[in-house]
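J.: what would the 3D arrangement of this be:
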Amino acid sequence: MSRKGAGASPLFPPAHKSAEAAQEALLHLVRRDRRQCGHSRSRWTLAALVEHSPQLRLSTPAGLWQLLRRVGIHYKRARDHIHSPDGQSQAKIDCINQLKRKVQARRPHEVLLFLDELTFYRQPSLAYGYDLAGQARPHAQRSTRSNPTTRVVGTLDAHSGRVLSKPGSKVGIKQLVAFYQQVRAAYPDAQRIWIVLDNWPIHFHPDVLAALEPQQSPFAFPRPSTWPDKPSPQAIKQWGQLCLPIQLVVLPTYASWCNPIEKLWRKLQQDVLHLHRLADDLPTLRRLVTDFLQQFAEGSSDLLRYVGLHVPY
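T.: Predicted coordinates:
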């Protein structure tokens, strides 16, 4: 630390005048691929960082370690990450943020929902739990019976925290259309329902779109080239008269972190699915999942804060 008086050294000698400047420069270095700097190892060591930071005038790894701690940089376990390859990623995020502000000003005539699907199983998912130190481990009590999947499609209201959901054995075209009808019934006064959702092609199947009003998205919907461009005669006959006031808003490709309802699924897994003891009682497990989601049927400010949506617009 710098001290008052003659001969006192700058706070971050000699290249940085503030903690923020030193932090930015060091982050730029530690986040680089070490091989780009001529090393064979993939990760940085303190000794290598000292070697590549002559401007800091530090001669020992211990000195650099102290500096890293002062600017809030620590040695941490990594996590999986994939960067969205979508060239329109930022434009899509900006579009969603603009919708948040627009819908906030026009509620209840307009509604903004985030949609996603979840799959869970009879068998409990592995997670941390308390047990004795040493070799003992918490047990995931499994069943010898088959491990069927249960699918849940749900929406999260971006402004009230209201959750709508529909469980089933699968989510396909018919199930999506039925769920959109459920959403419409839940917001009977809305003139427009905006639904933000990921790039799963089924979301944009022509037979699904047949049940909705004409779409106005500035971004192309992802669909396989082998799919037809128009809905089938059966879909037109069955759903063509619905014209549900729903507009689909596409998320960036491979950008699940942009969908807040993903955090609702995480909370469901933490509270109900991890290490559950109901592998031999699937009906009760499914009921508990439904009960968990039903607690947010009237909205929840606590849930909004949990998923990161409780912010002023």
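
J.: OK, contacts around R122?
T.: Counting by C-beta atoms under 8 Å, 6 or more residues apart in numbering, R122 touches S143, R145, S146, N147, P148, A279, L282, L285. The way it works is simple: take the backbone N, C-alpha and C, and place the C-beta from them, glycine included.

J.: for this structure, which segments count as strands?
T.: 110-121, 149-157, 163-168, 192-197, 246-250 (DSSP state E).

J.: in CSV, list the ones you listed along with mean pLDDT.
T.: Formatted as CSV, these follow (pLDDT from 0 to 100):
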stretch, mean pLDDT
strand 110-121, 97
strand 149-157, 97
strand 163-168, 96
strand 192-197, 98
strand 246-250, 97
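
J.: can I get those in CSV including distance to H274 and mean neighbour count?
T.: Formatted as CSV, the strands of the chain follow (distance: least, C-beta to C-beta, whole Å; neighbours: other C-beta atoms under 10 Å):
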stretch, distance to H274, mean neighbour count
strand 110-121, 11, 21
strand 149-157, 16, 21
strand 163-168, 19, 19
strand 192-197, 26, 21
strand 246-250, 31, 21
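
J.: S89: which of those strands is closest?
T.: For S89, the closest of the strands of the chain is strand 246-250, at 11.0 Å, according to C-beta to C-beta.

J.: partner strands of that closest one and their direction?
T.: strand 192-197 (parallel) (DSSP bridges).

J.: per-domain residue ranges of this structure.
T.: 19-70, 89-307 (automatic domain parsing).

J.: what's the most buried one of those domains?
T.: Sort those by mean neighbour count, taking mean count of other C-beta atoms under 10 Å, and domain 89-307 sits at the top with a mean of 16.

J.: can you tell me the centre-most residue of the chain?
T.: The chain has W257 as the residue nearest its centroid, 2.8 Å off, counting by C-alpha atoms, centre = their mean.

J.: give me the pLDDT for it.
T.: W257 is assigned 86 on the pLDDT scale.

J.: mind putting the domains of the chain into TSV with distance to R79?
T.: Formatted as TSV, those follow (distance: least, C-beta to C-beta, whole Å):
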stretch	distance to R79
domain 19-70	14
domain 89-307	11
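
J.: what's the closest of the contacts of R122 to P224?
T.: Using C-beta to C-beta, the contacts of R122 come closest to P224 at P148, 27.5 Å.

J.: which non-adjacent residue is nearest that closest one?
T.: R122 (6.0 Å; C-beta to C-beta, 6 or more residues apart in numbering).

J.: from T284, how far out is that neighbour?
T.: 11 Å (C-beta to C-beta, to the nearest Å).
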